[in-house]
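**Q** Fold the stuff below for me.
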Amino acid sequence: MKNKALRRLISGLSLSLVSVTLFCFFPNAAFAQQDSSGFKLKTVVVDAGHGRMSNGTWRGASGDYSQESKVTLAVALKLRDSIQKEIPSLNVVMTRTTDDDVLWQKRADIANENKGQLFISLHCNSLSDRIVRGKNGKRIRVPDHSGKGVLLLVYVYRRVNEQEAAIRENEFEDKDYKENTELNPSDPASIILLNAFKDKYRKQSLQFANLVNDEFVNTDGRRSEGVREQSVLVLARSGMPAVLVEMGYINNPEEERYLNSEEGQAQIVATIVRALKEYKKEVEQTTAVGN
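**A** Presented below is the predicted three-dimensional model:
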């Protein structure tokens, strides 16, 4: 490889990925302890899904009396405050702190510009109306309130160009690399580097998503639809591990009450913070293996 900066990046990342594998097989190994020179999780981006558009309409799902946009903002603000209290070493970046909607492109830009290391997007789920036949055989729409539980979404890598652009913006801080090297899609070195970052992000996204899911199920006793990989625009454009949390079905009356209650929101926040603490410990221990 001609470019030294590129070689350093690939070498360092390869070692990091090897460390991830070692940690998966030896999670309690003595060598996997915190090292002050290793990776530190410093910046988390909290994204309150949707918002109110300039024409006054609310984006997102709705229930009998509440809007997804308002629920996600309420939980996001509580999550920010809890992280600052429980994990004071973490910097929390918010994509919105008011009712006003923020375009998904801007949300990703905020995350990348602030060098986020984990993107947490909060949403409420909903089911479409069912089509049934009435007494006269006429097809009618009826609400479907059967949805229940949480769902964790991780980006499945289909929008390759957007993901690679995000990686370039958020990861390649090496001055020599920026000035002397272009990520040429036909260059084997560039392909290796980008694929390594994408693989690392996917694994860490799944790692955090599974931690959150386990906390919801095993600690809170919530029903869960599991962790799924899905093409989501805001996750695709964020150059970091990213997870979308569907906190519950807002069009299910029981879940709507839970999502709007102080108790429910506090429980959701506590669940995510517990998972975040564990994730921080794991990724910092993993990188310490190679030091």
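**Q** Follow the chain on from the lowest-mean-pLDDT helix or strand in the chain and name the next helix or strand.
**A** Least confident helix or strand of the chain, by mean pLDDT, DSSP states H and E, is helix 175-180 with a mean of 38. Next in sequence after helix 175-180, counting helices and strands by DSSP states H and E, comes helix 188-214.
**Q** What's the local residue count around residue 56?
**A** Neighbour count for residue 56, taken as other Cβ atoms under 10 Å: 6. The way it works is simple: take the backbone N, C-alpha and C, and place the C-beta from them, glycine included.
**Q** all strands for this structure, in order.
**A** 43-48, 91-94, 118-125, 130-133, 139-142, 150-155, 224-230, 242-249 (DSSP state E).
**Q** Output the ones you listed as a markdown table; include the columns mean pLDDT, mean neighbour count and distance to residue 64.
**A** What follows is the strands of the chain, written out as a markdown table (pLDDT from 0 to 100; neighbours: other Cβ atoms under 10 Å; distance: least, Cβ to Cβ, whole Å):
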| stretch | mean pLDDT | mean neighbour count | distance to residue 64 |
| --- | --- | --- | --- |
| strand 43-48 | 98 | 25 | 21 |
| strand 91-94 | 98 | 18 | 28 |
| strand 118-125 | 97 | 25 | 13 |
| strand 130-133 | 74 | 10 | 17 |
| strand 139-142 | 74 | 10 | 14 |
| strand 150-155 | 94 | 24 | 20 |
| strand 224-230 | 94 | 15 | 22 |
| strand 242-249 | 97 | 27 | 12 |
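**Q** JSON lines for those, including distance to residue 267?
**A** Formatted as JSON lines, the strands of the chain follow (distance: least, Cβ to Cβ, whole Å):
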{"stretch": "strand 43-48", "distance to residue 267": "17"}
{"stretch": "strand 91-94", "distance to residue 267": "19"}
{"stretch": "strand 118-125", "distance to residue 267": "14"}
{"stretch": "strand 130-133", "distance to residue 267": "30"}
{"stretch": "strand 139-142", "distance to residue 267": "31"}
{"stretch": "strand 150-155", "distance to residue 267": "11"}
{"stretch": "strand 224-230", "distance to residue 267": "14"}
{"stretch": "strand 242-249", "distance to residue 267": "10"}
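**Q** For residue 263, which of those is the nearest?
**A** strand 242-249 (13.1 Å; Cβ to Cβ).
**Q** the inter-axis angle of that closest one versus helix 188-214?
**A** Put simply, strand 242-249 runs at 30 degrees to helix 188-214, going by axes from the mean of the first three to the mean of the last three Cα atoms, to 10 degrees.
**Q** Given strand 242-249, what are its sheet partners and their directions?
**A** Strand pairing for strand 242-249, using DSSP bridges, gives strand 118-125 (parallel), strand 150-155 (antiparallel).
**Q** Adding distance to residue 86, write the ones you listed out as TSV.
**A** Formatted as TSV, the strands paired with strand 242-249 follow (distance: least, Cβ to Cβ, whole Å):
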stretch	distance to residue 86
strand 118-125	14
strand 150-155	21
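**Q** Can you say which of these is nearest to residue 143?
**A** When those are ranked by proximity to residue 143 (Cβ to Cβ), strand 118-125 comes first, at 14.2 Å.
**Q** from the middle of its chain, how far away would that closest one be?
**A** Offset of strand 118-125 from its chain centre (Cα atoms, centre = their mean, to the nearest Å): 6 Å.
**Q** got the contact list for the residue nearest to the spatial centre of the chain?
**A** Centroid check for the chain by Cα atoms, centre = their mean gives residue 243 as the closest residue, at 2.2 Å. By Cβ atoms under 8 Å, 6 or more residues apart in numbering, the contact list for residue 243 reads 118, 119, 120, 121, 152, 153, 154, 205, 208, 209, 212, 235.
**Q** quick check, nearest of the residues you listed to residue 282?
**A** Relative to residue 282, the closest of those is residue 208; by Cβ to Cβ it sits at 9.1 Å.
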